[in-house]
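> My questions concern the predicted model and sequence given below.
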Amino acid sequence: MGFFDRAKAVLGLQKAGRASGSGPAPRATRADDRKKKGGRPPLPDVAGAASATIEDVLTARAAGSFDEARAILAAIDKGQGLRTILRAAAALEAKDEEEVSKLLPLVRKDSPAWQLRLQAAAALEKGKERDDLVARAKKLGAPAWSMAWIAALSSNEAEQRAGLVDLLFEDAGLARTVAARDLAFADVKPDNDAVRRYAAFAHGRDVIRRFGPAQVVALLARVDSGPA
Amino acid sequence: MTRPLLSIYRLDRDKLHELSNQLRQLLAVDDRAALSTLLGLGEELARRLASERWAVAMMLRADDDPQASPIFASLRRIAKRAALEHVWTSESPALEGRLRAYDVLREEKDVADALDRLLEPSRLPWFLQRPGSTGGWLDDAQRGTLAERMHSLGPALPDEVNGFAEALGGMDGDALIHDRL
């Protein structure tokens, strides 16, 4: 049994047809008895999902189990932060308008508003979408260090260098950490005092990158287009 | 190991700002020849800087990195020459501890806040910050007020603190303190 199969077994996510005959009955079957409004089948019940993590969500999505990933997100969502963002993005991806409408007000409240735009931008390759998100973040008050960090991640050498210089003057410890961790500068060591600041931003960026930045970008476009 | 001694400098903020802008500009365009000239680097250090991918890569190295350390020393020397004038150095290694923790000072909130700003290295430009060092600055008005407040507490303060207050009050302009410049 591979890692993902074990994870699914722990979460009770194995499909009935794939479960062994001698094992316990899959817990998701109760979901079949219920129907959501509009005829959409409910997400599968996932026993133990409340103790799951975003890593389990990403693992499920990587294996193509999108409904299961959504079910885990629904179970671990606390109504704010990255989990809510991903839950809403996944609902949008699944065209589940009922859930999207329910979650959009929470996504709009996500604070600081610039941060999610920059995290999504940092997860994207160079292009118009990325530039638009960066411009939007700037309009929403993104601080100079965050703009410098994004520039330092540019695939354009001159932009990257200028971004690193700006970051050095804004927050030298963070500049060293970004150079060491994001840009793999061999002779630069991360700054212990800046690692927490680095992690707070980089975690969201890395999760969005693995989740699928396109879905989060679509969600942000919906948020920025006005009330649902 | 001897503990470093705190020194007070008169700070010319405009000149420090000017140097900082010049440095930033040269790093952004990666003009290593001009940077070497600005920092007064000799042939060997200029060659070292030129061998980096970018000059900023050298500046991102640790303060004690053997390749970068002499370049940082040059940068601090240039900054001192451009914008700092030495005023006073304490003779007591205990001064920093007294300023940070002496109860008579800590009980006066305005005094404690001003001292904390003066002992907060993150308020200095990155090239004047060194790991484990103490430094910070106050503008002219804040410096004067702090010196007066410390003077009023003088009878209850130890000699090394009174010496510091006297030096702080006896100068004019913005004050920068540091223990490893």
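In hand now; what should we look at?
> From the rest of the structure, what touches the helix ranked longest in chain B?
Longest helix in chain B, counting residues (DSSP state H): helix B:13-29. With contacts defined as C-beta atoms under 8 Å, 6 or more residues apart in numbering or on different chains, helix B:13-29 is touched by A:161-162, A:165-166, A:168-169, B:34-35, B:38, B:54-56, B:59, B:75, B:78-79, B:82-84, B:125, B:127, B:139, B:174. Using the backbone N, CA and C atoms, a C-beta is placed for each residue, glycine as well.
> Just give me the neighbour total for the closest residue to chain A within chain B.
Nearest residue of chain B to chain A: B:Trp126, at 3.6 Å (C-beta to the nearest C-beta). Other residues within reach of B:Trp126, judged by other C-beta atoms under 10 Å in any protein chain shown, total 20.
> Over to B:Ser152?
The burial count assigned to B:Ser152 is 12, neighbours taken as other C-beta under 10 Å.
> Buried residues in the longest helix of chain B, which are they?
B:Leu16, B:Leu19, B:Ser20, B:Leu23, B:Arg24, B:Leu26, B:Leu27, B:Ala28 (16 or more other C-beta atoms under 10 Å in any protein chain shown).
> any chance of these in a markdown table, with distance to B:Gly97 too?
Below are the buried residues of helix B:13-29 laid out as a markdown table (distance: C-beta to C-beta, whole Å):
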| residue | distance to B:Gly97 |
| --- | --- |
| B:Leu16 | 28 |
| B:Leu19 | 32 |
| B:Ser20 | 31 |
| B:Leu23 | 33 |
| B:Arg24 | 35 |
| B:Leu26 | 39 |
| B:Leu27 | 37 |
| B:Ala28 | 40 |
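> Specify which member of those is nearest to A:Val178.
Sorting those by distance to A:Val178 puts B:Leu27 at the head of the list, at 15.3 Å, by C-beta to C-beta.
> so where's the chain shaky on pLDDT?
No chain was given, so I picked chain A. Along chain A, segments meeting pLDDT under 70 span A:1-41, A:45-50, A:227-228.
> oops, I was thinking of chain B
B:1.
> how's it carved up into domains?
B:7-11+B:85-178, B:15-82 (automatic domain parsing).
> which residues in chain A form helices?
With DSSP H as the criterion, chain A has helices spanning A:3-11, A:54-62, A:66-76, A:82-93, A:97-109, A:113-123, A:128-139, A:144-152, A:157-170, A:172-181, A:195-211, A:213-224.
> what residues does the fourth one touch?
Looking back up the chat, that one is helix A:82-93. Contact partners of helix A:82-93, identified using C-beta under 8 Å, 6+ apart, comprise A:54, A:57, A:66, A:69-70, A:73-74, A:76-78, A:99-100, A:103-104, A:106-107, A:110, A:116, A:203-204, A:207, A:211-212, A:215-216, A:218-219, A:222.
> ok, 7 Å please
If you take C-beta atoms under 7 Å, 6 or more residues apart in numbering or on different chains as the criterion, helix A:82-93 is touched by A:54, A:57, A:69-70, A:73-74, A:76-77, A:99-100, A:103-104, A:106-107, A:110, A:116, A:204, A:207, A:211, A:215-216, A:218-219, A:222.
> I appreciate the help and will end here.
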